[in-house]
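> Here is a sequence with its predicted model. Questions after.
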Amino acid sequence: MSIQAPPTLLDVVLQILLRNEALTFSFLEYLPKELFPPLFKKAFTSKQTNILRAVVQAWPFPCLPLGSLMKTPDLEILQAVLDGVDMLIAQKEKPRRCKLQVLELLNKHRNFWNIWVGTTKGNCYPRVISKTPTVEDRAVPGGKKQPLKVLVDFCLKCPDLDEYQKYFFQWAEQRKSLLQLCCQKLQIWEKPVCSVLRLLKSLEPGYIQELEVSTLWRLRSLPLTLFTPDTEYMRNRSRTNEGVELIECMYTALEERIVTTVISQLPKFSSLQHLCLKEVHFFKVSLDQVLRSLRSSLETLAITHCHLSQSDLNCLSKYPSIYQLKHLNLSGSKIFHLCARPLKVLLERVSATLQTLELDDCRMEDSQIKALLPALSQCSQLTKVNFYGNYISTSVLKNLLQHTASLSQLSLELYPAPFECYDVMGGFLVERFTQLGPELMDTLWAVRKPKIVCFASNVCLKCYERCVYIQDVCLCSCWQ
């Protein structure tokens, strides 16, 4: 029969404080700061919202990392914490014990709640803390209190916001003058809501590190006032109904204006690290203008399913802002008709940092692949390459495999079936693929010991799968 361990002194103290709210409120002024994290966590778990409100107003640390506790959005908890913040910022002078400067709502796993406070300096606080004093309020013009920073990632995937988002957005919009709303990762995938768009205009752009905007927005329902104060165009447009051709032309004009305006804001994103452009149609705006606007070094550049010109490709090797890339993704951007030399130059310049290279479905041919090989062999940090969906002969594919001899970090390699595996009509020749698979694998094993390597056909137009060779052939659904 097992004997249950007696409660620790800490457990006893927390139980007393949680059972007697009045006692807790009177003792917060004198409570050792080491007890605040476990008390907050216990009150959070048991949803004792009154204690949460009180603890927020006396929080003795620069940062309150609420997001790492909230695995799933909890409206009741959020309301309690924000009520505590409201009570705090409504006071003319901050309480003596309170050092709160940053409310972090990021859903990241931090060790703040599991360590003994003070034994690990700085690890539990976000990097934004380094921009502010750790103890005292920083003086601001006019003698006003330093605004509270609120760190949050916005991912707007659905046209309708859930209750949690609606409540937070309404709260933040009403307190814009009292807060610094700092978003490190901003994703907008669906039709924006007007109130949300008004809120996004109040974001601190210098803190945005990752920006993703989908062009799947329905432009007729997009509030153009977000990008330009001139709404006359929209009013005139609503009266026009002269057929599909005219409507499509107007879509083009709108996209030009939107892309131009978004690009004009890029210089404000001084911490931007990840830039993803998907299905962007460059009209009057070129890729050169996008890269020229950057004010920080990118870690990720993704230009996927875009229509690129030779001048667009040429600019990839011109700007130092992309010379420290870790991830380059041109998936789905057809460049079979372009000179690949600028891409070769870029690979040479990022050879010391590049970790993933995705060139799938670019429809590159032998001459373009051969142009890249010397530069590719220098990218010593590569962990993943993806060449699916390119038209490469068996001899050039073998040459490509041989040029990876020095790439010891590679853990995932995806290569296309050579074009000898297709007939003149584009039909896939399974028997030929079955013969070439082991031969290609032997070529690779002759230069190094690979980890995960796949050779695959183009995507089947019926089942949207690929035939893949790893150690044996795995056929798509249509061939099974």
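Yep, that arrived.

> Show me the strands in this structure, by range?
Counting by DSSP state E, the chain has these strands, from start to end: 63-65, 102-104, 148-156, 179-188, 210-213, 274-278, 300-304, 327-329, 356-358, 384-386, 412-416, 452-456, 468-469, 473-474.

> rank those strands by pLDDT, which is bottom?
Least confidently modelled of these is strand 210-213, at a mean of 65 by mean pLDDT.

> Quick one: residues contacting Thr300.
By CB atoms under 8 Å, 6 or more residues apart in numbering, the residues touching Thr300 are 210, 273-276, 325-327, 329. To be clear about C-beta, it is placed using only N, CA and C from the backbone, and glycine gets the same treatment.

> and which of these is nearest to Met425?
Within the set of those, Asn329 lies nearest Met425; the separation is 31.2 Å, counting by CB to CB.

> number of nearby residues for that closest one?
Under the neighbour criterion other CB atoms under 10 Å, Asn329 is assigned a count of 21.

> can I assume it is in contact with Leu298?
No: because the distance of 11.7 Å does not satisfy CB atoms under 8 Å, Asn329 is recorded as not touching Leu298.

> now the contacts of Thr300 as TSV including distance to Ala371?
Compiled in TSV, the contacts of Thr300 are given as follows (distance: CB to CB, whole Å):
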residue	distance to Ala371
Glu210	31
Gln273	29
His274	27
Leu275	25
Cys276	26
Leu325	19
Lys326	23
His327	21
Asn329	19
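
> quick one: which of those is nearest Ser380?
Ser380 lies nearest to Lys326 out of the contacts of Thr300, by CB to CB, at 13.1 Å.

> Neighbours of that closest one, how many?
Residues contacting Lys326 under the criterion other CB under 10 Å number 17.

> any weak-confidence spans in the stretch 1-150 of the chain?
Along the stretch 1-150 of the chain, the parts satisfying pLDDT under 70 run over 1-7, 109-110, 115-145.

> Do you know the pLDDT at Cys249?
Listed pLDDT for Cys249 reads 33.

> Repeat that for Val262.
Reading off the confidence values, Val262 has pLDDT 67.

> unless I'm mixing things up, Arg53 is touching Leu88, no?
No: with contact defined as CB under 8 Å, Arg53 and Leu88 do not form a contacting pair (9.6 Å).

> So between those two, which is more surrounded?
For Arg53 against Leu88, the residue with the higher neighbour count under other CB under 10 Å is Arg53, and the figures read 21 against 18.

> Contacts only, for Val459.
By CB under 8 Å, 6+ apart, the contact list for Val459 reads 389, 465-466.

> Make CSV out of those residues and add neighbour count.
Supplementary listing: those in CSV, determined by neighbours: other CB atoms under 10 Å:
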residue, neighbour count
Gly389, 21
Glu465, 17
Arg466, 21
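
> Nearest residue to Asp162 in space, please, no chain neighbours.
When the adjacent residues along the chain are set aside, Asp162 lies closest to Pro73, with 7.2 Å between them (CB to CB, 6 or more residues apart in numbering).

> residue contacts, that neighbour?
Taking CB under 8 Å, 6+ apart, we find Pro73 in contact with 162, 164-165.

> What distance do you get for Glu413 to Lys149?
As defined by CB to CB, to the nearest Å, Glu413 lies at a distance of 43 Å from Lys149.

> and of the contacts of Val459, the nearest to Ala80?
Distance to Ala80, by CB to CB, is smallest for Glu465 among the contacts of Val459, at 49.0 Å.

> now stretch 288-306, how far from the centre of its chain.
Its chain's C-alpha centre lies 14 Å from the corresponding centre of stretch 288-306 when counted by CA atoms, centre = their mean, to the nearest Å.

> Determine how far the last residue of that stretch lies from the first.
In stretch 288-306, first residue to last residue: 14 Å (CA to CA, to the nearest Å).

> buried set for it?
Of the residues in stretch 288-306, those buried by neighbour count under the rule 16 or more other CB atoms under 10 Å are 288-291, 293-294, 296, 298-304, 306.

> Could you point out which of the residues you listed is nearest to Glu439?
Using CB to CB as the measure, the one of the buried residues of stretch 288-306 that approaches Glu439 most closely is Thr304, at 31.7 Å.

> Do I have it right that the closest one meets Ser333?
Yes: here Thr304 lies in contact with Ser333, judged by CB under 8 Å, at a distance of 6.3 Å.

> so what sits against both of these two?
Counting by CB under 8 Å, 6+ apart, nothing touches both Thr304 and Ser333.

> Emit the PyMOL select command for whichever of the contacts of Pro73 are buried.
Command for PyMOL that selects the buried part of the contacts of Pro73, burial taken from 16+ other CB under 10 Å:
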select buried, resi 164+165
